[in-house]
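# My questions are about this predicted structure, shown below with the sequence.
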Amino acid sequence: MTATTTHDAHHDEIPTGIKRWLFTTNHKDIGTMYLWFSFTMLLIGGMFALVIRAELFQPGLQIVDPNFFNMMTTLHGLVMVFGAIMPAFVGLANWQVPMMIGAPDMALPRMNNWSFWILPFAGILLLAPMFFGGNFSSGQGPAFGWTFYEPLSGQYDKLVFFVFAVHLLGFSSIMGSINIIATILNMRAPGMSLMKMPMFVWTWLITAFLLIAVMPVLAGVVTMMLTDKYFGTSFFDAAGGGDPVLFQHVFWFFGHPEVYIMILPAFGVVSEIIPTFARKKLFGYASMVYATASIAFLSFIVWAHHMFTVGMPVAGELYFLYATVLIAVPTGVKIFNWVSTMYRGSMTFETPMLWALCFVILFTIGGFSGLMLGVAPADFQYHDTYFVVAHFHYVLVSGSLFAIFAAVYFWLPKWTGNMYNTTLASWHFWLSTIAMNLTFFPMHFTGLAGMPRRYSDYPIQFTEFNAISSIGAFIFGFSQLIFLYLVIKTIKGGEKATDKVWEGSHGLEWTLASPAPYHSFVTAPEVK
């Protein structure tokens, strides 16, 4: 009896200060750390982007040498994908999934802690080589593009840092995914069948399976690079009987599902927000679930649409063209369902709804330019131009990033117990949206006119569009400081949020976004 009492007393002792964060197994604390880590990486990756845009403001070489410029493009891509977007969605999953399915915590809380704490070390390994070589401007960071194509990446001196960073990021993702799957499949509240789960939970369940399937592929390809460089193998070295195109096949077999890993949770977020502010149930819930699963399946069979220019057989190009057009169908189903949810709804335009609407409109633009790129004969013209840069930034900035902002604005009052300043939130939304379009829309034109990506200089006829893009990028970057200020201010205090934050005068139960039973937000322990 005494032993049990002592154990319970020890178990209830809550660590404070730094210990609270180092050893926490609380899904909310871990979710918070993921979100802060991802925001830090967003600012770092954003600074790299601003170096790129400052250099491209005018033709000629103004600020940095071409090698440093290449290092910025490489690290910008890697930091944004692996450091900002993915950890942010894992943070949202940590916070929301247990509460949405009525679970007390994640299934594997200690592993949850470990999967987060691997990330900062992976980030350090990735960025450290920038500071080698005496001074920052002669940094020896990776300068081979975020897709690190062989044979160029194989020449990189500090390849081992890069490879180990990627391995650690993969470990983190796989552990997080196992945790999410175990939680969703084993810890749902009684009565919550799979087809009654909120859409956000569904999208994360499917995303977690995708991550487990593709992360080992990435680990395999970087290990092959490592053995080519240090152990005398010739996977990608044509002189030794290898094939550089093999690298692209293996990389994109990871890389294409990866882009869906970054957008499916965003679909889930938007599927929670739109029904809430349209005051209607989500239109076509079952079709949304099946569309998400279809996208996940099809994402594995379209990888070579990134490779139309490598000289594959015409039959191969034709197959990948058809498969690419096919994957647009379930995505179109989702957009149709969101629009149908809003149709004749009693809509109001609070901050989360603004971000969600913006997501639907701008993501659709990104989808259409993706269809254009999927048409093989046309892709020969578009490939490796700024048109591609415009396309994937419309998908990943106004898609993934805007959905993350929408989610934070939607759930922050619940997380902190305080309501944020809606005027500041509106400023953040409008500045970000206008600046995002100012930055990336002109790239469609420069790309169609033939301006190649990843060049630190360009012909004079592209000057005006590049100047507009650079101004937009700086406005977008500095707008995020408003968001930082707003979040910190809300955490510290402010007007208290009610149990039903978005109720307003409409009698809205804010958890209505998905089929019954309601999420367990209101019954969940209040955030201290």
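Ah, there it is.
# Neighbours of residue 315, how many?
Here the count is done by other Cβ atoms under 10 Å, and residue 315 has 8 residues near it. The way it works is simple: take the backbone N, C-alpha and C, and place the C-beta from them, glycine included.
# Is residue 21 within a helix or a strand, and which one?
In this structure, residue 21 sits in helix 17-22 according to DSSP states H and E.
# most centrally placed residue in this structure?
The chain has residue 85 as the residue nearest its centroid, 2.8 Å off, counting by Cα atoms, centre = their mean.
# what's the distance between that residue and residue 34?
12 Å (Cβ to Cβ, to the nearest Å).
# One more: residue 166?
When distances are taken as Cβ to Cβ, residue 166 and residue 34 turn out to be 19 Å apart.
# can you tell me which residues contact the residue nearest to the centre of the chain?
For residue 85, the contacting residues are 38, 262, 396, 400-401, 404, taking Cβ atoms under 8 Å, 6 or more residues apart in numbering as the criterion.
# where does the stretch 201-350 of the chain dip in pLDDT?
Applying pLDDT under 70 to the predicted model, the stretch 201-350 of the chain contains no residue that meets it.
# what ranges do the helices span in it?
Shown for the stretch 201-350 of the chain, the helices assigned by DSSP state H, counting those that start in this stretch span residues 244-261, 264-278, 285-298, 314-342.
# Return the set of buried residues in the third one.
Within helix 285-298, the residues scored as buried using 16 or more other Cβ atoms under 10 Å are 285, 287-289, 291-296, 298.
# now the contacts of residue 85 as a markdown table including distance to residue 102 and neighbour count?
Below are the contacts of residue 85 laid out as a markdown table (distance: Cβ to Cβ, whole Å; neighbours: other Cβ atoms under 10 Å):
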| residue | distance to residue 102 | neighbour count |
| --- | --- | --- |
| 38 | 26 | 23 |
| 262 | 28 | 22 |
| 396 | 32 | 22 |
| 400 | 27 | 27 |
| 401 | 30 | 23 |
| 404 | 24 | 24 |
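# and which of those residues is nearest residue 490?
Comparing the contacts of residue 85 against residue 490 with Cβ to Cβ picks out residue 404 as the nearest, at 16.1 Å.
# Wait, the closest one touches residue 92, no?
Yes: under the criterion of Cβ atoms under 8 Å, residue 404 lies in contact with residue 92, with a separation of 7.2 Å.
# list the residues that contact both of these two?
For the pair residue 404 and residue 92, residues contacting each of them under the criterion Cβ under 8 Å, 6+ apart are residue 269.
# Distance check, the closest residue to residue 270 other than its chain neighbours against residue 53.
In space, and not counting its chain neighbours, residue 270 is closest to residue 356: 4.9 Å by Cβ to Cβ, 6 or more residues apart in numbering. As defined by Cβ to Cβ, residue 356 lies at a distance of 27 Å from residue 53.
# Likewise for residue 101?
The spacing between residue 101 and residue 53, counted by Cβ to Cβ, is 42 Å.
# With distance to residue 131 as new columns, can the buried residues of helix 285-298 be given to me in CSV?
Compiled in CSV, the buried residues of helix 285-298 are given as follows (distance: Cβ to Cβ, whole Å):
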residue, distance to residue 131
285, 50
287, 51
288, 46
289, 47
291, 45
292, 42
293, 44
294, 45
295, 40
296, 39
298, 42
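# quick one: the helix or strand hosting residue 360 to helix 244-261, angle?
Remark: residue 360 resides in helix 351-374, with elements defined by DSSP H and E. For helix 351-374 against helix 244-261, the angle by axes from the mean of the first three to the mean of the last three Cα atoms, to 10 degrees is 150 degrees.
# just checking, next helix/strand downstream of helix 351-374?
helix 376-382.
# Please identify the buried residues of that next one?
376, 379, 382.
# Of those residues, just say which sits nearest to residue 48.
Proximity of the buried residues of helix 376-382 to residue 48 (Cβ to Cβ) peaks at residue 382, which lies at 24.6 Å.
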